[in-house]
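> please find the sequence and the predicted model below.
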Amino acid sequence: MRSRAYLILAAALALQSLQGWASVQTPAFTAAFERGSLITLQDRYGEILVGGAEMTSGAGLHHNGTIHRPQEENSTDLPTLSGGALSSSCTVEPARGDLLIRQRGESGEGGVSGVEWSIETVPLDYSLIIPAHSGLRLTRDTPGARFTFDYPMLWEAQMIIVEGESGGFYVFADDREGRFKRLEVLRGDDGWRITFVTHPLAPFEDKTSCESVVWRLNTYRGDWRAAAARYRAWMIEHFDLVPIDAQQPEWVKDIRACIIIGTAPELLESLAKKLDPRQTLLYMYDWRAQGYDRMYPDYDEVYEAFPAFIEQARALGFRVMLHVNYLGCHYEHPLFETFKAYQSRTPWGDRRPDEWYWPHNEPPIRFAYINPASEQWRAVLVERFTTLCETYGVDALHLDQTLIIYNDYNGLIDGMTMAEGNLALHRELREALPHVAPSGEGLN
């Protein structure tokens, strides 16, 4: 009887528009929407998880830097945008009881850059667990009032958990393709406001519509790990994750310490007396003759002391990891003209080329970001990293700036997004260097 009730409810809710007001009741929770915003959420134990908003902003369509919203209830029209329309809908999945939220926005002219919906308002007694910047917990006392996270760059897992003393709720994107998204959190005097944005692939000038990913919402009991376990199970089912026990090479399982070190051979003997070298990884960030972060992608010229240092380190049993960069190309490098067309560009504002600029050195450090979706760029890196590792017996490579994954204004390059190019580079390095462990900046 329970599954039959779910099916009847799901069929009924599929026809309900959230532009006006929709009430949803399942065995686990009761929810209400107004103009595309979740304004009420109460679990089956009577806990008020969302509620109390004095005024809702409603769902929105992003177009040329402006967010357009329906002005009337039960209407999908966007009167401030020519030919604009925005619809939102929800269904209840019978198997898990998840609330599934979908949106579609349209415009009479190009420039559509996203659709959004919000949760208004979560009481400040609840904390927000966000897998961003390698893990955050926002409370009423956290400094700042506005927080923005982009997926997959700094919002590393596409979910958020609202945590109370005995439980809470969670939202995650049922998205297997890695579409670009944004999570916005605003803390006001009356509580948290949470907004979810789905972006189309840049450039936006030719985009006249945007369909959101499917957002899943449900409640949980216990601490935040109960909700995290649900998303973890979803990831295992839909992403090609490698269990720790199956990770290669074998030696990575034995590492218990990572030491940042320069080419100082006098330190190795004393270090070997304090740590077990077989369980220690030496991370060398400044080993190239050009200096740190200069003249990428050159990796063939090294400091004079480097070969002897790495030979001694390996003789003592240490593992050695070298600092490299996965998208850096200096403007002065002979290869820059070859890859200039693949320098990523921001899709917003002036569409400026993306780069790293560090003015605190003399001369300042400045280099372009080359989108790894370029097959030719990946081939250059794989060839040079392979030569480097085979020449010096390198155990691991730290691929700096791998957290940088933009919605590139250039669009698809060789049929890939920047995120797909990042993954392709990792696959190609694993194939070329099965004995070398890859590392990256950020956690994703």
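Looks like it came in fine.
> distance between the top helix by length along the chain and the chain's centre?
The longest helix of the chain (DSSP state H) is helix 375-392. Chain-centre distance of helix 375-392: 26 Å, with CA atoms, centre = their mean, to the nearest Å.
> and the contacts of it?
With CB atoms under 8 Å, 6 or more residues apart in numbering as the test, helix 375-392 has contacts from 297-300, 302, 306-307, 310, 322, 324, 326, 335, 338-339, 342, 370-372, 394, 397, 414, 421, 424-425, 428-429, 432-433, 436. Every C-beta, even on glycine, is put in place using the N, C-alpha and C of the backbone.
> give me the element Val24 is part of.
strand 21-25 (DSSP states H and E).
> sheet partners, orientation included, of the very next helix or strand once past that strand?
As assigned by DSSP H and E, the chain's next helix or strand after strand 21-25 is strand 29-34. Counting by DSSP bridges, the strands paired with strand 29-34 are strand 21-25 (antiparallel), strand 37-43 (antiparallel).
> would you mind giving those as a markdown table with distance to Trp356 and mean pLDDT added?
Putting these into a markdown table (distance: least, CB to CB, whole Å; pLDDT from 0 to 100) gives the following:
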| stretch | distance to Trp356 | mean pLDDT |
| --- | --- | --- |
| strand 21-25 | 47 | 82 |
| strand 37-43 | 39 | 95 |
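> what sits against Asp223?
Glu163.
> give me the pLDDT for it.
Reading off the confidence values, Asp223 has pLDDT 92.
> His330 now?
pLDDT, read off for His330, is 98.
> does it have beta-bridge partners, and which?
With DSSP bridges as the rule, His330 is bridged to Phe367.
> what residues are up against it?
So His330 contacts 294-296, 336, 366-368 (CB under 8 Å, 6+ apart).
> rerun at 6 Å
295-296, 367 (CB atoms under 6 Å, 6 or more residues apart in numbering).
> on that earlier part again, quick check on the contacts of helix 375-392: which are buried?
The neighbour count (16 or more other CB atoms under 10 Å) marks 297, 299, 302, 306, 310, 322, 324, 326, 335, 339, 342, 370-372, 394, 397, 421, 424-425, 428-429, 433, 436 as buried among the contacts of helix 375-392.
> which of the contacts of His330 lies closest to Thr30?
Within these, proximity to Thr30 (CB to CB) peaks at Phe367, which comes in at 53.9 Å.
> hang on, isn't the closest one packed against Asn325?
No. Phe367 is not in contact with Asn325 according to CB atoms under 6 Å; the separation is 8.1 Å.
> need the overlap of contacts for the two.
With CB under 6 Å, 6+ apart, Phe367 and Asn325 have common neighbours Tyr296.
> now do Tyr220 against Phe29, distance only.
10 Å (CB to CB, to the nearest Å).
> could you do Phe180 as well?
Phe180 is 29 Å from Phe29, by CB to CB.
> likewise for Gly222?
Distance from Gly222 to Phe29, by CB to CB: 15 Å.
> cool, and Arg232?
Note on Arg232: its distance to Phe29, by CB to CB, is 22 Å.
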